[in-house]
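[1] this is a predicted model, with the sequence first.
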Amino acid sequence: MAAAAAVTPSWQPQEQGFKEICGLLEQQISHTSSADKAQIWQHLQRYSHLPDFNNYLAFIFSRAESHRFSTFPCLLRALCAFNAKQNTPNVSGLTSEKGKSVEVRQAAGLYLKNNLRNAYKSMQPAYQQYVKSELLPCLGAADKHIRSTTGTIVSVVVQIGGVAGWPELLQALVNCLDSNDLNHMEGAMDALSKICEDIPQYLDADVPGLAERPINIFLPRLFRFFQSPHASLRKLSLGSVNQYIMLMPSALYVSMDQYLQGLFILSNDPNAEVRKLVCAAFVQLIEVRPSFLEPHLRNVIEYMLQVNKDTDDEVALEACEFWSAYCDAQLPPENLREFLPRLIPVLLSNMAYADDDESLIEAEEDGSQPDRDQDLKPRFHVSRFHGSDDVEDDDDDVVNTWNLRKCSAAALDILSNVFGDEILPTLMPIVEAKLSAGGDDAWKEREAAVLALGAIGEGCINGLYPHLLEIVAFLIPLLDDKFPLIRSISCWTLSRFSKFIVQGIGHPKGYEQFDNVLMGLLRRILDDNKRVQEAACSAFATLEEEAAEELAPRLEIILKHLMTAFGKYQRRNLRIVYDAIGTLAEAVGGELNQPVYLDILMPPLIEKWQQLSNSDKDLFPLLECFTSIAHALGTGFTQFAEPVFRRCINIIQTQQFAKVRADSTATGVQYDKEFIVCSLDLLSGLAEGLGSGIESLVAQCSLRDLLLHCCVDDAPDVRQSAFALLGDLARVCPVHLHPRLSEFLEAAAKQLEISKVKEAISVANNACWAIGELAVKVRQEISPIVLTVISCLVPILQHAEGLNKSLIENSAITLGRLAWVCPELVSPHMEHFMQSWCTALSMIRDDVEKEDAFRGLCAMVKTNPSGALSSLVYMCKAIASWHEIRSEDLHNEVCQVLHGYKQMLRNGVWDQCMSALDPPVKEKLSKYQV
């Protein structure tokens, strides 16, 4: 083990080294030892720096079962010297010379695996060879744990060194697979299955010295194991082949009939794991290679329908995935149509809660019981984004475990979207029967029926719409059901009909029903059950988005309920109340800006704001909530603005300081970028809400320097929010950005380099937008970076396919704004980008930003009329994309441009250009009298 030891072809361990490491491993895995596990781990880590440490681990793993030493170690001196240097206590003598337990050997193997991930490439070749030579005999070890660990290590070595780096392995695997010894066959199959799972492409590649690819060698043997009498071999072989469905190597492609035949043989396997893998294979094939299943499709659908009722829930779950996969693959619906009368009852049956569903336990939680830390799911703030593709949070289920119930509901949802009202004659009688099932014992059936109504709420709305008043009227009393899971699912199902409930407000019955739903959800928001609280808040947020200003007459009672919940809820559900408050603010906007409402809303929020420390993560949803409120109240938020603004600055400063300091305990704060992101976004909300009213706050603090620091942060989401705030500040108080303007522009321009765009497209989007906002405010002062930015924007516009729609729009607008303020710099290059630029402009909706871009177009054309000649048709299409140019000045400028070209292009050239336009485009241009 000594660093000075010579490398010899046949490395030999020394007794002391063996005993030292075994002793540490024994203490590490011991449940009774009083030794400090962290300290032992550190000792092992220190040993790992010695060059032949991995050899010792390989030796212990492979041979320690019965090994005895008879020689005194020549290594002891090196170990003692190493221990003394590292202050490591002497642990010799802790183990006897008897054989080591499987647990110690397995610990050595797992430690070896982790070590090789980092150290294999730097090991001496002879030591690499030693480790590999020790592993191969373990493929057939008597103990299955040792065999399994061997497979894991083998896969790691192949990942790092490749198949060609271990030529002996392939032959060893083939020999084991071809033997009749179950241990050897299982060990080789385990290793091979892990290679297929981790790095399948390695076996479908040419290997020097091999006449054919490894997959060609192994595939016939895997197929043979499909018919093995041993379930373990059937499972491992099928799992291995399944890994190649996506890659589809030619060896599998030409053997597809044999593979499918094997699947059909295994389809009724007595082992549930094997049946699950058969289902997984059919699901993958229907997703990526449906043509292979076409000749057998009826049989496959029939099989999946049967297995969807399997007594093993995991097999049934895997089978249930098939229906969504089939529909997602956009295959002909008629193949499924005849099976619907049998499939739908199976899905409905599987939508009832299983007796062991963890939700049943959670549903009993009392709302007054404080949440444990493990109850709080990680939350992720979505950074501010300027544009038309604003990111939305997915509705997160209370319990994230995917199960047969949820998969069945998802399948019914997608089937309803494909087949629409066709499924109602089969579905509704079953739903009605379940809903009418009386007695406490049938509550799960009633709950599943309500879930089914929600699942089809989108796809079957045409057929349900004439009966919607009755359906909703039936659901409202279920909000007060004695079973909490019926109350919670009724909230969700009602939310699925929100759009149509709101549409009915125009007639008296419809308004009454809307009010009943609103009040019913508000009652459930104050439920004592945590699960119902969460479902009600989420459902109410959905209703808020649909109802918007229709909520105004009920604002006072809504706020009273939400703020009562705010005082009642535990930490987890408190986050959802914040979301409901924020959504309410966005829905009603300025309606909220009345003293009677603010007196209900703000005092509890401010009290919570004051209770939470700057390092408390419960501050995140409160910051997000304030962002929505500030935006909704506009200048009405002024009375609350100063302490909120100052605290955001303080949080950013504290976090930036914590990041810089290596020892974060010096500040008492652990660095967390999300505090910075949330604070930047709240400052953006203040800038948007207060407008120029924020100027006095910005003038009194160091925001400019903090913001610049954030614009060059290494975290993309920090930069994304920073550039959003930069653009918002450019709109309302550009004077305070002035002293460091060139640095801001340089940082923003850097985000538009093609490598950066690909790396973080949302950052590029916001940076692009911010440059445009700065350009219209600082005008000529932006000139030093104009050509740099143009050189970045043009490739984005020219390769728009597949890029974010908002980035294309912002690129087109910013290019136009730069052309407006610096036409003499941009116009000489216009012929290189006019076509792609005009195409992008024609896709933008009418607004002030589009007006700015067209001012740039007019300015460029005046400076360099010939630059647009080859793109005249594209320019005319862009002009025709306006529904109406509201600015009279711009309308006149566009008229001048078109008339200028008409006069310039004589001898029929203008008419020829016009003839290339579609009639609707010509018609829209007629308003400019050309």
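    Sure, I can see it.
[2] for Ser702, give me its contacts.
    By C-beta atoms under 8 Å, 6 or more residues apart in numbering, the contact set of Ser702 is 649, 653. Every residue, glycine included, has its C-beta placed from N, CA and C.
[3] at 10 Å instead, please
    Ser702 is in contact with 649, 652-653, 709, counting by C-beta atoms under 10 Å, 6 or more residues apart in numbering.
[4] likewise for Cys138?
    For Cys138, the contacting residues are 58, 61-63, 105, 109, 146-147, 149-151, 153-154, 187, 191, by C-beta under 10 Å, 6+ apart.
[5] for those residues, which one is nearest Ala730?
    Of all those, the one with the least separation from Ala730 (C-beta to C-beta) is Ile153, at 56.9 Å.
[6] host element of that closest one?
    Assigned by DSSP states H and E, Ile153 falls within helix 144-161.
[7] tell me the helices and strands packed up against the following helix or strand past that helix.
    On the C-terminal side of helix 144-161, the nearest following helix or strand under DSSP H and E is helix 167-178. Using 3 or more C-beta pairs under 10 Å, 6 or more residues apart in numbering; DSSP states H and E, the elements in contact with helix 167-178 are helix 125-135, helix 144-161, helix 182-198, helix 214-225.
[8] can you say which of the ones you listed is packed in most?
    Highest mean neighbour count among the helices and strands packed on helix 167-178 (mean count of other C-beta atoms under 10 Å): helix 182-198, with a mean of 23.
[9] picking up where we left off before, point out the least confident one among the contacts of Cys138.
    Lowest pLDDT of the contacts of Cys138: Arg63, 86.
[10] roughly how far apart are it and Phe223?
    Separation of Arg63 from Phe223 (C-beta to C-beta, to the nearest Å): 35 Å.
[11] same question for Pro716.
    47 Å.
[12] and if you look at Gly693?
    To Phe223, Gly693 is 74 Å away according to C-beta to C-beta.
[13] out of the contacts of Ser702, which are inside helices?
    In this view, those that belong to helices under DSSP state H are 649, 652-653, 709.
[14] show me the contacts for the nearest residue to Phe474 once chain neighbours are set aside.
    Residue nearest to Phe474 in three dimensions, not counting chain neighbours: Leu435, with 7.5 Å by C-beta to C-beta, 6 or more residues apart in numbering. For Leu435, the contact set (C-beta under 10 Å, 6+ apart) comprises 442, 445-450, 452-453, 474-475, 478.
[15] for PyMOL, write a command that selects the buried ones of the residues you listed.
    Per 16 or more other C-beta atoms under 10 Å, the buried members of the contacts of Leu435 correspond to this PyMOL selection:
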select buried, resi 445+446+447+448+449+450+452+453+475+478
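[16] so, low pLDDT: which residues of this structure?
    Scanning the chain for pLDDT under 70 picks out 1-9, 33-35, 65-100, 365-400, 662-669.
[17] the same query, at a cut-off of 80, please.
    For the chain, applying pLDDT under 80 flags the ranges 1-10, 30-38, 48-49, 64-100, 361-401, 661-669, 755, 758, 800-803, 929-930.
[18] strands of the protein, start to end?
    For the chain, no strands turn up when DSSP state E is the criterion.
[19] let me know the outermost residue of it.
    Within the chain, the residue lying farthest from the chain centre (C-alpha atoms, centre = their mean) is Asn907, at 59.1 Å.
[20] show me what contacts the closest residue to His230 other than its chain neighbours?
    Counting by C-beta to C-beta, 6+ apart, His230 lies nearest to Leu182, which is 6.4 Å off, once chain neighbours are set aside. Counting by C-beta under 10 Å, 6+ apart, Leu182 touches 140, 228-230, 232-233.
[21] show the buried residues in the residues you listed.
    The buried subset of these - by 16+ other C-beta under 10 Å - is 140, 228, 232-233.
[22] please report how far the spatially closest residue to Arg731 that is not a sequence neighbour lies from Ile153.
    Of all residues not flanking Arg731 in the chain, Glu773 sits nearest, at 5.6 Å (C-beta to C-beta, 6+ apart). Glu773 is 56 Å from Ile153, where distance means C-beta to C-beta.
[23] do the same with Lys568
    Taken as C-beta to C-beta, the span from Lys568 to Ile153 is 54 Å.
[24] same check, this time on Ile885
    Separation of Ile885 from Ile153 (C-beta to C-beta) stands at 70 Å.
[25] ok, now Asp672?
    Here Asp672 is placed at a distance of 37 Å from Ile153 (C-beta to C-beta).
[26] equivalent analysis for Leu633, please.
    61 Å.
[27] contacting residues for the nearest residue to Cys913 once chain neighbours are set aside?
    Using C-beta to C-beta, 6+ apart and skipping residues adjacent in sequence, the residue nearest Cys913 is Leu872, 5.3 Å away. Applying C-beta under 10 Å, 6+ apart to Leu872 gives the contacts 834, 838, 898, 901, 905, 909-910, 913-914, 916-917.
[28] how close does the residue nearest to Leu898 when sequence neighbours are not counted get to Leu683?
    Of all residues not flanking Leu898 in the chain, Val930 sits nearest, at 4.7 Å (C-beta to C-beta, 6+ apart). Going from Val930 to Leu683 by C-beta to C-beta gives 47 Å.
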